[in-house]
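**Q** Sharing a model that was predicted from the sequence below.
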Amino acid sequence: MNPSRLPRLLNLISATGLDALVLNPGPTLTYMTGLNFHLMERPVVLIITLDAPPVLILPELEALKLAQSNIPLKGFTFGENPLTWGEVFRRAWQELKLDGKNVGVEPTRLRYLELRLLESSTTAHFVNGDAVVSGMRMVKEAGEIENMRQAVRIAQEALLAILPSIKPGKTELEIASRLTARMLEGGSEPEMPFSPIVSGGPNSANPHAVPTERPLQNGDLLVIDWGAAYHGYFSDLTRTFAIGKVEDEYHLIASIVEQANAAGRASAKPGMPAGEVDQVTRKVIVDAGYGKYFTHRTGHGLGMEGHEPPYIFAENTQVLSKGMSFTVEPGIYLPGRGGVRIEDNVVITENGSETLSTLPRQLQILG
């Protein structure tokens, strides 16, 4: 871990008017400590304050992890009886002297279980700490970008390996399962950003379709949305294929989406609002007459989570800066017929952006 992370986090906590930040298992806790915990029925809470060493409340069975942390931690452990957990939480908070203070939490991570234990242990005020977390993780270090580059490589090689087997009669589930297996064989960690989306024919008009037993048929569009994991960092890619001969309009919308994807990626640079990438991308599709069929934002941040800031939607005023990473994934979806999406992974550089993904974007015919 970069040793500057803890001082940077403390500066962000102070700058946002907070006195401490609470984290439970997830990417930010791992980012700060190098430790991995599963969300389970036993609570785990990391408390980082301005005036004392960080405290980790955790089960006794996980106590050996304290010595593996990248930052010094004071541990408060509890046993298996839930009736004793509250007392351990109270002891930790009494030592930290945070009663009446403002403590930030991750709004998309903190569960009711931990919140109730926290609220019953202190009079601290728990508030949204998202600005601290986003400010900490949104700009990627060089090593993080390299991990993402490797996650892209693994994902791309896996898809290329299975493409020859995709033909009429193969089901969406078969293709998704084979793709997952190839990513694991190619070096992906088991905890991937999501299960592959493999959607053919009418299902491809649903951006977040779930693979089914439907067999591919000649004339189908096939959308494959997939990603791998490497050292805790993710890739997230989409390519669209034609199964045999398809309608002329499908070739048309594929060309429009390809142009929109290229425009969005080319526009991305430091100093511009994130929303402008969406506007540039969307304009291509709107100008072609298919605006109402592009039903989602242009992209989302990418790193230790499949979806994280910055979010690429038209109204987002977040200014892009070097090291920010996100997807550019325009689509056109014709209800009941088929859809096209092309998704790439982009990193903001000193003067522009770099696209980490390199697979062809044209509509490729399979089968």
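**A** Looks like it arrived, so ask away.

**Q** Please count neighbours and contacts with C-alpha atoms only from this point.
**A** Fine.

**Q** Is G338 bridged to anything, and to what?
**A** L334 (DSSP bridges).

**Q** My guess is it contacts S204. True?
**A** Yes - using C-alpha atoms under 8 Å, G338 makes contact with S204 at a distance of 5.0 Å.

**Q** These two - which one has more neighbours?
**A** S204 (29 against 22; other C-alpha atoms under 10 Å).

**Q** sorry, back to before: what is in contact with G338 and S204 at once?
**A** L221 (C-alpha atoms under 8 Å, 6 or more residues apart in numbering).

**Q** Next SSE downstream of the helix or strand of the chain with the lowest mean pLDDT?
**A** Lowest mean confidence among the helices and strands of the chain (mean pLDDT, DSSP states H and E): helix 130-137, at a mean of 92. Sequence order places helix 142-162 as the next helix or strand after helix 130-137, per DSSP states H and E.

**Q** For that following helix, name the packing helices and strands.
**A** Applying 3 or more C-alpha pairs under 8 Å, 6 or more residues apart in numbering; DSSP states H and E, one finds that helix 142-162 contacts helix 172-185, strand 229-230, strand 233-234.

**Q** List the buried residues in the longest one.
**A** Of the residues in helix 172-185, 172-176, 179-180, 182-184 count as buried by neighbour count, 16 or more other C-alpha atoms under 10 Å.

**Q** Which of the residues you listed lies at the shortest distance from L159?
**A** L179 (6.4 Å; C-alpha to C-alpha).

**Q** Now do the same contact list for that closest one.
**A** 158-159, 162, 196.

**Q** try 10 Å
**A** Shown in contact with L179 (C-alpha atoms under 10 Å, 6 or more residues apart in numbering): 155, 158-163, 173, 185, 195-196, 198, 224, 226-227.

**Q** go on, S267?
**A** Going by C-alpha under 10 Å, 6+ apart, S267 touches 276-278, 280-281, 352-353.

**Q** The closest residue to G17 other than its chain neighbours - how many residues pack around it?
**A** Excluding its sequence neighbours, the residue lying closest to G17 (C-alpha to C-alpha, 6 or more residues apart in numbering) is N102, at 7.8 Å. Counted by other C-alpha under 10 Å, the residues lying close to N102 total 19.

**Q** I'd say N102 and V127 touch.
**A** Yes - in this structure, N102 is within contact of V127 by C-alpha atoms under 10 Å, at 6.8 Å.

**Q** shared neighbours of these two, anything?
**A** Common neighbours of N102 and V127, counting by C-alpha under 10 Å, 6+ apart, are 18, 21.

**Q** list the contacts for V328?
**A** V328 makes contacts with 236-238, 260-265, 268, 277-278, 281, 297-301, 312, 341-346, 355, as judged by C-alpha under 10 Å, 6+ apart.

**Q** Restrict those residues to the buried ones and give me that as a PyMOL selection.
**A** One line in PyMOL is enough to select the buried members of the contacts of V328, burial here meaning 16+ other C-alpha under 10 Å:
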select buried, resi 236+237+238+260+261+262+263+264+265+268+277+278+281+297+298+299+300+301+312+341+342+343+344+345+346+355
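
**Q** which regions of this structure sit below the pLDDT cut-off?
**A** Within the chain, the segments meeting pLDDT under 70 span 1.

**Q** could you redo the last one with a cut-off of 80?
**A** 1-3 (pLDDT under 80).

**Q** How is it divided into domains?
**A** 5-137, 142-366 (automatic domain parsing).

**Q** So which of those is the most surrounded?
**A** domain 142-366 (a mean of 20; mean count of other C-alpha atoms under 10 Å).

**Q** what's the straight distance from one end of that domain to the other?
**A** 37 Å (C-alpha to C-alpha, to the nearest Å).

**Q** And the contacts of L179, which is closest to I253?
**A** Ranked by distance to I253 (C-alpha to C-alpha), these are led by I224 at 16.4 Å.

**Q** which residues does the closest one bridge with?
**A** Bridge pairing for I224 - DSSP bridges - gives V198, R239.

**Q** now do F326
**A** Counting by DSSP bridges, F326 is bridged to G301, V346.

**Q** Would you agree it is in contact with R297?
**A** No - in this structure F326 lies outside contact range of R297 using C-alpha under 10 Å: 11.9 Å.

**Q** joint contacts of those two?
**A** With C-alpha under 10 Å, 6+ apart, F326 and R297 have common neighbours 311-312.

**Q** mind exporting stretch 273-292 as CSV, just the C-alpha atoms?
**A** The C-alpha trace of stretch 273-292 is given here as CSV (Å, rounded to 0.1, in the frame of the first residue of the first chain):
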residue,chain,number,x,y,z
PRO,A,273,-16.9,17.8,-16.3
ALA,A,274,-17.7,14.1,-16.3
GLY,A,275,-21.1,15.0,-17.6
GLU,A,276,-19.6,16.3,-20.8
VAL,A,277,-18.4,12.8,-21.8
ASP,A,278,-22.1,11.7,-21.6
GLN,A,279,-23.3,14.7,-23.6
VAL,A,280,-20.7,14.1,-26.4
THR,A,281,-21.5,10.4,-26.5
ARG,A,282,-25.2,10.8,-26.4
LYS,A,283,-25.3,13.5,-29.1
VAL,A,284,-24.1,11.0,-31.7
ILE,A,285,-27.0,8.7,-31.0
VAL,A,286,-29.6,11.5,-30.7
ASP,A,287,-28.5,13.0,-33.9
ALA,A,288,-28.9,9.7,-35.6
GLY,A,289,-32.5,9.5,-34.4
TYR,A,290,-32.1,6.8,-31.8
GLY,A,291,-31.9,9.0,-28.7
LYS,A,292,-34.9,7.5,-26.9
